[in-house]
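[1] dropping the sequence and predicted coords here.
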Amino acid sequence: MKPVPQFKRVLLVRLDRLGDVVLSLPVAQALRAQAPHAFIAMLVSPACAEVVEGHPALNEVLVYDKAGAQRGWLGTWRFARRLHRLQCEVALVLHPSHRSHWLVRLAGIPTRIGWNRKMAWLLTHRVPHRKQEGQVHEAAYTLQLLEALGIRGVVPRPMVPVSAEAAQRVHALLAAQGVAATTRLVAVHPSASCISKRWLPERFAQVADRLQQTHGVTICLVAGPQEVAHADAVARQMRTPALNLAGRLRVRELAALLQRSALLISNDSGPVHLAAAVGTPVVDLFGRNQAGLSPRRWGPLGEGHVVLHKEVGCVTCLAHACDIGFKCLTAIEVEDVYQAAVSLLAR
């Protein structure tokens, strides 16, 4: 693929979930390093805007709400006109979707780079899509798109800024709950987008109880507004009191809380990548045995994390339709997670 000539205005597009957007930030960081004076904008969904707002690699964050203001083809066309006014020369569609490809085409952006999937004929530069093979990390896959701009050899390590305002709000919230500034927090995120990724709530509860009893930490349960029930299920089964902040934190506040925490224990989900990006070690619990969903592709980036993933003999993963009781998840024992957490707390 012939590299694109020097660029001055770039649009990054990623309209999926929190963790995916975090893992795309190395693209913005690499572009900023390559072109310190370029205009770089990023288009995300409403749920992900706060994680990229204020990022030093970005000049502007745009929000596309397919369920709200931009619903339907008319909303999409109007939004594309808005993108056109940015006068970007290059668009990088970091996750393939029909909507994303149509947006950058309707916006009239001359150079449109993305994956060779889902109406890829709308793009000018198409990169073979092999993510399902899981040979490298998702962040490394995304960086492959930069090769069309002649950029190579970038380290896939995202950085998420934590605002002073968010840190102050978290400090005030913790103080109101009687948590001292010197208290060690262990954040626990017991939810995930699919049941095939969710470890048992009673086991989360047992690990949380043991850590509070043996290491004097305070357990803080976190989850998104639509996932409060998963955190509540853990809290109900704990014998010691936990601080349950599920559904009470905005994304920027979650980033601040994770940065304040000594450790995150979580299913394979977005907060794992947010924690890693703010420098917090993670115990990451993986279930499904598929190359494209493996820790190699979706594990936390950086040093100092522990990934728990057990082989249970599945040839084909049925995901949420599993007919053997999610053996991959039940194979992860309470002792496995407890010892992983203790090893990270000791560092």
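    Perfect, thanks for sending it. Residues are numbered from 1 along each chain as shown.
[2] show me the shaky parts of this structure.
    Segments of the chain classed as low confidence (criterion: pLDDT under 70) are 1-5, 312-326.
[3] tally of neighbours for residue 131?
    18 (other Cβ atoms under 10 Å). All C-beta atoms are positioned from the backbone trio N, CA, C, and that covers glycine.
[4] list the contacts of it.
    With contacts defined as Cβ atoms under 8 Å, 6 or more residues apart in numbering, residue 131 is in contact with 115, 138, 141, 292, 297.
[5] any idea how far residue 167 lies from residue 14?
    Separation of residue 167 from residue 14 (Cβ to Cβ, to the nearest Å): 26 Å.
[6] hang on, residue 41 in a helix?
    No - the assignment for residue 41, made by DSSP: H, G, I helix; E, B strand; the rest coil, is strand rather than a helix.
[7] returning to what we had before: between residue 167 and residue 14, which one's more packed in?
    Set side by side, residue 167 and residue 14 show more neighbours around residue 14, with 25 against 17, by other Cβ under 10 Å.
[8] which residue packs closest to the more buried one, ignoring adjacent ones?
    residue 94 (4.3 Å; Cβ to Cβ, 6 or more residues apart in numbering).
[9] hmm, residue 25 and the one you found touching each other?
    No - under the contact definition of Cβ atoms under 8 Å, residue 94 does not touch residue 25, with a separation of 10.0 Å.
[10] which neighbours do the two have in common?
    Going by Cβ under 8 Å, 6+ apart, no residue sits against residue 94 while also sitting against residue 25.
[11] which residue ranges of the stretch 201-347 of the chain form helices?
    Secondary structure of the stretch 201-347 of the chain by DSSP state H, counting those that start in this stretch: the helices cover 201-215, 228-237, 251-260, 270-277, 295-298, 327-330, 334-345.
[12] now, of the contacts of residue 131, which are buried?
    For those, a burial check counting by 16 or more other Cβ atoms under 10 Å picks out 115, 138, 141, 292, 297.
[13] looking at those residues, spot the one nearest residue 183.
    Within the buried ones among the contacts of residue 131, the smallest distance to residue 183 is 33.8 Å, found for residue 138 (Cβ to Cβ).
[14] which residue packs closest to the closest one, ignoring adjacent ones?
    The shortest distance from residue 138 to any non-neighbouring residue, by Cβ to Cβ, 6+ apart, is to residue 23 (4.9 Å).
[15] now the helix or strand containing that neighbour, how far from the chain's geometric center?
    Residue 23 is located in helix 18-34, with elements delineated by DSSP states H and E. Relative to its chain's centre, helix 18-34 lies at 12 Å (Cα atoms, centre = their mean, to the nearest Å).
[16] report all helices and strands that it contacts.
    Using 3 or more Cβ pairs under 8 Å, 6 or more residues apart in numbering; DSSP states H and E, the elements in contact with helix 18-34 are strand 9-13, strand 39-44, helix 49-52, helix 138-143, helix 270-277.
[17] can you give the domain ranges for the chain?
    If the domains of the chain are taken from automatic domain parsing, they occupy 9-149, 164-345, with pieces of a single domain joined by a plus sign.
[18] roughly how far is the last one from the heart of the chain?
    The gap between the average C-alpha position of domain 164-345 and the chain average comes to 13 Å, counting by Cα atoms, centre = their mean.
[19] then the shortest one?
    Once both centres are worked out by Cα atoms, centre = their mean, domain 9-149 turns out to sit 15 Å from its chain's centre.
[20] and the end-to-end length of that domain?
    Terminal residues of domain 9-149 lie 13 Å apart, using Cα to Cα, to the nearest Å.
[21] try the last one
    Using Cα to Cα, one end of domain 164-345 lies 25 Å from the other.
[22] deepest-packed of the helices of the stretch 201-347 of the chain, please.
    With neighbours defined as mean count of other Cβ atoms under 10 Å, the helices of the stretch 201-347 of the chain peak in mean count at helix 270-277, which reaches a mean of 28.
[23] contacting residues around that helix?
    Contacts to helix 270-277, defined as Cβ under 8 Å, 6+ apart, come from residues 17-20, 22-23, 25, 51, 158-160, 187, 189, 222, 251, 254-255, 258, 261, 264, 266, 281-282, 284, 300-302, 305.
[24] got the angle for the helix holding residue 23 vs helix 251-260?
    Comparing the axes of helix 18-34 and helix 251-260 via axes from the mean of the first three to the mean of the last three Cα atoms, to 10 degrees yields an angle of 80 degrees.
[25] then helix 18-34 to PDB, C-alphas only?
    Presented in PDB, the C-alpha positions along helix 18-34 are these (Å, rounded to 0.1, in the frame of the first residue of the first chain):
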ATOM      1  CA  LEU A  18     -15.200   1.800  26.200                       C
ATOM      2  CA  GLY A  19     -12.400  -0.700  26.200                       C
ATOM      3  CA  ASP A  20     -12.200  -0.600  22.400                       C
ATOM      4  CA  VAL A  21     -11.800   3.200  22.400                       C
ATOM      5  CA  VAL A  22      -9.100   3.100  25.100                       C
ATOM      6  CA  LEU A  23      -7.200   0.600  23.100                       C
ATOM      7  CA  SER A  24      -7.400   2.900  20.000                       C
ATOM      8  CA  LEU A  25      -5.700   5.800  21.800                       C
ATOM      9  CA  PRO A  26      -2.200   4.700  20.800                       C
ATOM     10  CA  VAL A  27      -3.200   5.600  17.200                       C
ATOM     11  CA  ALA A  28      -3.900   9.200  18.400                       C
ATOM     12  CA  GLN A  29      -0.700   9.300  20.400                       C
ATOM     13  CA  ALA A  30       1.400   8.000  17.400                       C
ATOM     14  CA  LEU A  31      -0.200  10.600  15.100                       C
ATOM     15  CA  ARG A  32       0.600  13.400  17.600                       C
ATOM     16  CA  ALA A  33       4.200  12.200  17.900                       C
ATOM     17  CA  GLN A  34       4.500  12.100  14.100                       C
END
